[in-house]
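Engineer: Provide a 3D model corresponding to the input given below.
(one chain, ligands or ions: 1)
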Amino acid sequence: MRVYVNGRLVSKKDAVVSVFDHGLLYGDGVFEGIRAYNGRVFLLDEHLRRLYASARAIALEIPLTPKKMAEAVVATCKANRLRDGYIRLVVTRGVGSLGLNPYLCKNPQVICIAGAIQLYPKELYETGMAIVTVGTMRNHTEAINPRIKSLNYLNNVLAKIEAINAGVMECILLNPQGFVAEASGDNVFIVRGSELVTPPTWCGALRGITRDAVLRLALEHGYTAREDVLTRYDLYTADEVFLTGTAAEIIAVTEIDRRKIGEGKPGPVTRRLAAAFAEYARHTGTPIE
Ligand code: PXG
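Structural biologist: Prediction:
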């Protein structure tokens with residue numbers, strides 16, 4: 001495996017950052033998770049736009065133009081002969097002193113890893129998955145804004161621990177007002193009749209690239225789709241619920257808090273959109289060759 005670190009493709013063992021990097025010391029940095037399908041990097045420009053917005057939000061200046069960053073991503077895929085897989089792009093604050101001050105960190109580190117992705121078990125895509133709502137709240141938008149895809153995922157990790165301890169693999173976090181925000185690493189949609197609803201970003205959702213793609217695909221397939229405030233009532237009473245994410249793609253949720261959702265199996269809207277998404281992903285993206 002070759003890993004991109006600050007402009008060089010190095011071996012796995014040489015792909016290292018300092019223990020004084022604020023990415024490690026404080027979770028100070030940003031990242032993206034991107035997929036490659038069928039020899040193309042899926043929605044690379046959208047991911048880069050979000051990466052640079054996340055960086056801007058934490059006053060981190062990325063030492064590469066978006067164009068050079070796109071070239072770095074493609075070069076990393078190429079060096080690893082990646083056609084289908086997962087790309088992790090990370091920008092850390094870089095080495096600083098033992099103190100929070102980010103302005104003392106002069107060399108942000110840019111890392112790109114191209115590898116495999118651990119999806120949920122294949123069977124779960126056939127059966128749908130059981131999830132729970134958890135007590136860990138999504139960060140307040142005036143704390144670490146959930147729109148920032150930062151290296152500080154501890155809140156999501158705490159939620160994931162609750163999910164795993166409850167015997168399921170994913171969970172829904174509510175925001176401090178009690179409205180549905182998102183899952184620990186995915187966005188959430190409900191289906192009511194032929195309408196899709198997903199929480200607005202101000203409720204504490206990341207603006208998922210998959211979420212945006214699903215909103216577009218839904219309209220193309222004759223559904224209505226909108227953002228609205230959701231509560232647990234809306235989850236429990238929905239016809240269908242599904243999650244979207246770069247790793248998960250589209251996965252049906254058939255049980256929440258041990259309550260059956262809809263018919264208790266992946267519904268027709270979820271299945272149709274999952275098929276449309278798979279087709280879209282195969283043909284959309286920046287060619288690696
Ligand atoms: N919410 C959160 C908190 C996320 O981290 C999403 C929603 C979905 O966004 P995208 O843009 O991917 O549709 C994410 C993305 C991992 C992993 O390793 C997590 C994500 C993406 C890729 C890998 O767990 N989360």
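Engineer: how about Met1, what does it touch?
Structural biologist: Ser11, Lys12, Asn80, Ile113, Ala114, Gly115 (C-beta atoms under 8 Å, 6 or more residues apart in numbering). C-beta here means a position set from N, CA and C on the backbone, and glycine is covered the same way.
Engineer: once you drop chain neighbours, what's closest to the fourth one?
Structural biologist: In space, not counting the residues next to it along the chain, Ile113 is nearest to Arg88; the distance is 4.5 Å by C-beta to C-beta, 6 or more residues apart in numbering.
Engineer: partner strands of the stretch of helix or strand the one you found belongs to and their direction?
Structural biologist: Assigned by DSSP states H and E, Arg88 belongs to strand 85-92. Neighbouring strands of strand 85-92 in its sheet, by DSSP bridges, are strand 29-37 (antiparallel), strand 109-115 (antiparallel).
Engineer: contacts for the last one next, please.
Structural biologist: In this case it means strand 109-115. So strand 109-115 is contacted by 1, 3-7, 15, 17, 21, 23, 29, 36, 62-64, 69, 72-73, 76-77, 79-80, 82, 85-92, 94 (C-beta under 8 Å, 6+ apart).
Engineer: alpha carbons only: can I get it in PDB?
Structural biologist: Taking C-alpha atoms only, strand 109-115 is exported to PDB below (Å, rounded to 0.1, in the frame of the first residue of the first chain):
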ATOM      1  CA  GLN A 109      -0.300  17.600   7.400                       C
ATOM      2  CA  VAL A 110      -2.200  16.300   4.300                       C
ATOM      3  CA  ILE A 111      -2.800  12.500   4.300                       C
ATOM      4  CA  CYS A 112      -4.600  10.400   1.700                       C
ATOM      5  CA  ILE A 113      -5.200   6.700   2.300                       C
ATOM      6  CA  ALA A 114      -6.800   4.500  -0.400                       C
ATOM      7  CA  GLY A 115      -8.000   1.200   0.900                       C
END
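Engineer: and the residue nearest to Asp228 when sequence neighbours are not counted, what helix or strand is that in?
Structural biologist: In space, and not counting its chain neighbours, Asp228 is closest to Val197: 4.9 Å by C-beta to C-beta, 6+ apart. Assessed by DSSP H and E, Val197 sits inside strand 195-198.
Engineer: do Met137 as well
Structural biologist: Met137 belongs to no helix or strand, assigned by DSSP H and E.
Engineer: that one against Phe179, yeah?
Structural biologist: No - checked against C-beta atoms under 8 Å, the pair Met137 and Phe179 is beyond contact range at 10.4 Å.
Engineer: ok, now how distant is Ile164 from Leu24?
Structural biologist: Distance of Ile164 to Leu24, computed by C-beta to C-beta, to the nearest Å: 24 Å.
Engineer: neighbour count for those two, which is higher?
Structural biologist: Leu24 (16 against 12; other C-beta atoms under 10 Å).
Engineer: which other residues reach the strand holding Arg88?
Structural biologist: 17, 21-24, 28-36, 41, 47, 51, 55, 60, 62, 69, 73, 76-77, 108-117, 151, 246-247.
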